[in-house]
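K.L.:
Okay, predicted coordinates and the sequence, questions at the end:
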Amino acid sequence: MEVEQRFLNAKDFTAEFRVEKRDGKPTMIVGYPAKFNKLSRRMWGMREQIMPGAFKRTLAEGADVRALLNHNPDIVLGRNKAGTLRLKEDSTGLRMEIDAPDTQAARDLMTSIDRGDISQGSFRFRTVTDNWHMQDGETIRDLIDVDLMDVSPVTFPAYEDTDMGVRAFAGAVGLDLGRFEEIVVRLEHNLPSKPEDRDFLALMVLRASKLYDKLPAPRFHALEAAKRRLSLTEREN
């Protein structure tokens, strides 16, 4: 079973991803890294939704789950086995409560949440049971049962494979869109990248930088997303 990662868009969080200050207790970060019955963006020709009960078994079995910042294992915000992270399913989805540690990283994060600069969450998992079906002419994947690995507030999604700006960039700079999507799939599934992946993305960034003014909007965000993908392949080598 491959490790997968999903995020929620900012519009899915509204006021539910927040900081709660408590007298005599650690400040608490509250949010939903996963919500039920919401169809995702299109991914690799399909859309996905998390079904109620998807986390029930893994939580009941005592999965050792960490809350991380940007999925970085060096920045631990809480852990359920330590009692500093609490996870439960409710009618909305997977609810997360973190007793924020007294660290600079946590203080900076809470400031960013209060300002609205960080408004997205993500979770990593392995699929145990899923169901594929057709709905309104689209392929839908229902996540029925998963092994939960970690939850994370994120600065930005690491793998926005359907970002239309990036896809438009690939075509505008004369590169094979299908080849680009293959690379994204590998990154999304945490599969090892290939040396040619790095070369392809480096060429994409180089051409995009030179043709910046002639490229379709949104230029800045799409170029930054392409650079982030390049950095992912460079860290592996």
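P.N.:
Received, thanks. Residues are numbered from 1 along each chain as shown.
K.L.:
What residues of stretch 84-102 count as buried?
P.N.:
84-85, 87, 89, 93-101 (16 or more other Cβ atoms under 10 Å). Any C-beta I mention is one placed from the backbone N, CA and C, and that applies to glycine too.
K.L.:
Could you export these as CSV, including secondary structure, distance to residue 208 and pLDDT?
P.N.:
Conversion of the buried residues of stretch 84-102 to CSV gives the following (DSSP: H, G, I helix; E, B strand; the rest coil; distance: Cβ to Cβ, whole Å; pLDDT from 0 to 100):
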residue, secondary structure, distance to residue 208, pLDDT
84, coil, 42, 97
85, strand, 39, 97
87, strand, 40, 97
89, strand, 42, 96
93, strand, 36, 91
94, strand, 36, 93
95, strand, 40, 93
96, strand, 36, 93
97, strand, 41, 95
98, strand, 37, 96
99, strand, 43, 97
100, coil, 38, 95
101, coil, 39, 96
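K.L.:
And the residues you listed, which is closest to residue 111?
P.N.:
Nearest to residue 111 among these: residue 100, at 11.2 Å, using Cβ to Cβ.
K.L.:
In contact with the closest one: list those residues for me.
P.N.:
19, 26-29, 77-78, 106-107, 109-110 (Cβ atoms under 8 Å, 6 or more residues apart in numbering).
K.L.:
Distance check, residue 155 against residue 72.
P.N.:
Here the criterion is Cβ to Cβ, to the nearest Å. By it, residue 155 lies 10 Å from residue 72.
K.L.:
What segments of this protein are strands?
P.N.:
Along the chain, the segments classed as strands by DSSP state E run 3-8, 18-22, 25-35, 46-50, 66-69, 72-79, 85-89, 93-99, 120-135, 138-154.
K.L.:
just how off-centre is the fourth one within its chain?
P.N.:
For strand 46-50, the separation from the chain centroid amounts to 14 Å (computed by Cα atoms, centre = their mean, to the nearest Å).
K.L.:
what's it packed up against?
P.N.:
Secondary-structure packing of strand 46-50 (3 or more Cβ pairs under 8 Å, 6 or more residues apart in numbering; DSSP states H and E): strand 138-154.
K.L.:
ok, residue 155 and residue 72, which is more surrounded?
P.N.:
Neighbour totals were compared for residue 155 and residue 72, and residue 155 leads with 14 against 11 (other Cβ atoms under 10 Å).
K.L.:
For residue 120, see how far away that one is.
P.N.:
Counting by Cβ to Cβ, the separation of residue 155 from residue 120 is 8 Å.
K.L.:
follow-up on the earlier one: let me have the contacts of residue 100 in CSV, extended by neighbour count.
P.N.:
What follows is these, written out as CSV (neighbours: other Cβ atoms under 10 Å):
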residue, neighbour count
19, 17
26, 15
27, 16
28, 18
29, 24
77, 23
78, 25
106, 21
107, 13
109, 23
110, 21
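K.L.:
and those residues as CSV, adding distance to residue 146?
P.N.:
As requested, the contacts of residue 100 are exported to CSV (distance: Cβ to Cβ, whole Å):
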residue, distance to residue 146
19, 27
26, 29
27, 29
28, 25
29, 22
77, 21
78, 20
106, 27
107, 32
109, 25
110, 28
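K.L.:
so where is the protein shaky, pLDDT-wise?
P.N.:
Within the chain, the segments meeting pLDDT under 70 span 1-16, 41-45, 156-172, 177-178, 181, 184-191, 212, 214-226, 235-237.
K.L.:
Understood, closing this out.
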